[in-house]
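Can you look at this prediction? I've put the sequence above it.
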Amino acid sequence: MTVAFYSGSRRRAAVALGAVSAGLLVLSACDKPTPLATVTVGTESVHTEAACYNDGDAIKESLVQGCLQKKPTASISVSADDKIRFGVDPSIADNGWTIFLGGQQAEPEPYKKTYRTIPASAFFSTQTGEATNKTQVTIVENTGRKLTGIWQFELKKKS
């Protein structure tokens, strides 16, 4: 009885072909991650992927309020005299981004750079002037009048 053996080069080629096929199958099942937004206070940083993102296209109007009200998964503690640094991926900055506080737009025009610094004291009072111990900060990517991405953070005031 004889058994057919493949030569070493054929065996290696078959293994390589199988590895490439398996790799492509795994990659096709992966979702592309959303761009990141980062908040830094002193030496501490937190970053998060978008709470709502439609791969650069506008988020449906019916979903925007729900996205703005989502509970943040990233939080950072700050003192009133700290400076808070906000950073976004260049793809977000290209379109422009705005900061929302408690689900309400806090600035009139989108910002077009990847990085900015704002004093922490700007975030710890309500619209009526009352002091708060925590606040929800939302970074919203804008393309004209359409919202294309929403990132949520919670700032907690240190005692």
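Received it, and whenever you're ready, just let me know what you need. Numbering: from 1, shown residues only.

When you work out contacts or count neighbours from here on, use the C-alpha atoms and nothing else.
Fine.

can you list the residues that contact the longest strand seen in the chain?
Ranked by residue count under DSSP state E, the longest strand found in the chain is strand 146-157. Applying CA atoms under 8 Å, 6 or more residues apart in numbering, the external contacts of strand 146-157 come out as 37, 39, 48-59, 64, 67-68, 70-80, 124, 133-142.

Helices along the chain, start to end?
Remark: helices assigned in the chain by DSSP state H are 8-28, 61-68, 90-95.

least trustworthy helix or strand in this structure by mean pLDDT?
Sorted by mean pLDDT, DSSP states H and E, the helices and strands of the chain end with helix 8-28, the least confident at a mean of 52.

For residue 110, grab phi and psi.
Residue 110 adopts backbone torsions of phi -70, psi 150, taken as degrees, to the nearest 10.

Once you drop chain neighbours, what's closest to residue 141?
With sequence-adjacent residues excluded and distances taken as CA to CA, 6 or more residues apart in numbering, residue 141 is closest to residue 97, at 4.3 Å.

Give me the pLDDT value at that neighbour.
Residue 97 carries a pLDDT value of 95.

Spit out the contact partners of it.
110, 111, 112, 139, 140, 141, 142.

wouldn't the first one be in contact with residue 92 here?
No. Distance between residue 110 and residue 92: 10.6 Å, which falls outside the contact criterion (CA atoms under 8 Å).

Give me the more crowded residue out of the two.
Neighbour count, other CA atoms under 10 Å: between residue 110 and residue 92, residue 92 has more, with 25 against 17.

Leaving out sequence neighbours, find the closest residue to that one.
Using CA to CA, 6+ apart, the nearest residue to residue 92 is residue 141, at 6.0 Å.

ok, that neighbour - contacts?
92, 93, 95, 96, 97, 98, 147, 148, 149, 150.

For residue 115, grab the count of nearby residues.
Other residues close to residue 115 by other CA under 10 Å number 16.

what's the answer for residue 156, then?
So residue 156, with other CA under 10 Å, has 18 neighbours.

Let me know the pLDDT of it.
pLDDT, residue 156: 94.

Hmm, residue 83 is touching residue 118, no?
Yes. Counting by CA under 8 Å, residue 83 does reach residue 118; the two are 5.8 Å apart.

Fine by me, we can end here.
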